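>>> Sequence plus predicted model, see below.
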Amino acid sequence: MRQHLYGSPHLVAPAGGERGPAMTDTVHGTVAIEYRHFCVTEGGPGTEAADFRSERPVILSHGRITVTTRVQEQRAPVTVRVVRRHTPPEGWAHLGTVTYRPVHRGVVTVCDTMNGPAMDDLRIDPATVYGVHVYAKGRADSRERFDACLDRGEYGVRDGFEEYLIVFVPSGSQEPPEIREERRMVVDDRGRRPANLR
């Protein structure tokens, strides 16, 4: 019987007792996209925003992978997987691959553009380096279909334009990142810090 690690069902011990990431782990949900992008992030101190000047469909920054879209505003199904071995899926267009080095606790979240987490967290191993492959369906003509909806006066249509698949595949190892905790400010009932903390 396999056991959960860290209190999470996402990181498990294989049947032989050796601990490591699950053979396959998946989260899925619908992401509310605005301003033509969404992100996959660990969060935590030092996470950096994307540099959109690159104009690449997949943008890597510290603690974050940003995926740009062809439709300005939409609701898109997104699936994120962690696998040991990867075969390119049939029927999906490959947008790009980046090398991701975990920078915090290894808890990955897919976020709406403006509203925070869009689905359950996915756990990756902080001591593992990952090749992250990003795929899409529907992008080839999504902007044209969206514009056609506007031309017909269908201004509220947000679904059915694009779909995304993001696959994390172990590609190496690293020293686990040092976790920097954010200190809470301690104050008394008059808003003053205790004398020993001033």
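Yep, it's here. Numbering: from 1, shown residues only.

>>> switch to C-alpha atoms for all contacts and neighbour counts from now on
Fine.

>>> which non-adjacent residue is nearest the residue positioned nearest the centre of the chain?
The chain has Val40 as the residue nearest its centroid, 1.8 Å off, counting by Cα atoms, centre = their mean. Distances taken as Cα to Cα, 6 or more residues apart in numbering place Val110 nearest to Val40, at 4.4 Å, with adjacent residues excluded.

>>> what about that neighbour, which SS state?
strand (DSSP: H, G, I helix; E, B strand; the rest coil).

>>> returning to that earlier point: make sure the residue nearest to the centre of the chain is actually in contact with Arg64.
Yes - if you go by Cα atoms under 8 Å, Val40 and Arg64 touch, sitting 5.8 Å apart.

>>> coming back round to it: check which element follows the strand or helix carrying the residue nearest to the centre of the chain along the chain.
Following DSSP states H and E, one finds Val40 within strand 37-41. Toward the C-terminus, strand 37-41 is succeeded by strand 58-61 as the next helix or strand (DSSP H and E).

>>> Report the buried residues of that next one.
By neighbour count with 16 or more other Cα atoms under 10 Å, strand 58-61 contains the buried residues Val58, Ile59, Leu60.

>>> Dump these to TSV, plus distance to Glu154 and pLDDT.
Listed next are the buried residues of strand 58-61 as TSV, based on distance: Cα to Cα, whole Å; pLDDT from 0 to 100:
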residue	distance to Glu154	pLDDT
Val58	30	98
Ile59	32	97
Leu60	35	96
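
>>> Between the residues you listed, which sits nearest Phe52?
For these, the minimum distance to Phe52 (Cα to Cα) is 7.6 Å, reached by Ile59.

>>> So what sits opposite that closest one in the bridge?
For Ile59, the beta-bridge partners under DSSP bridges are Thr66.

>>> Ok, Pro77 next?
Beta bridges link Pro77 to Thr30, judged by DSSP bridges.

>>> any idea how far Tyr35 lies from Val71?
8 Å (Cα to Cα, to the nearest Å).

>>> ok, now Pro45?
With distances taken as Cα to Cα, Pro45 is found 31 Å from Val71.
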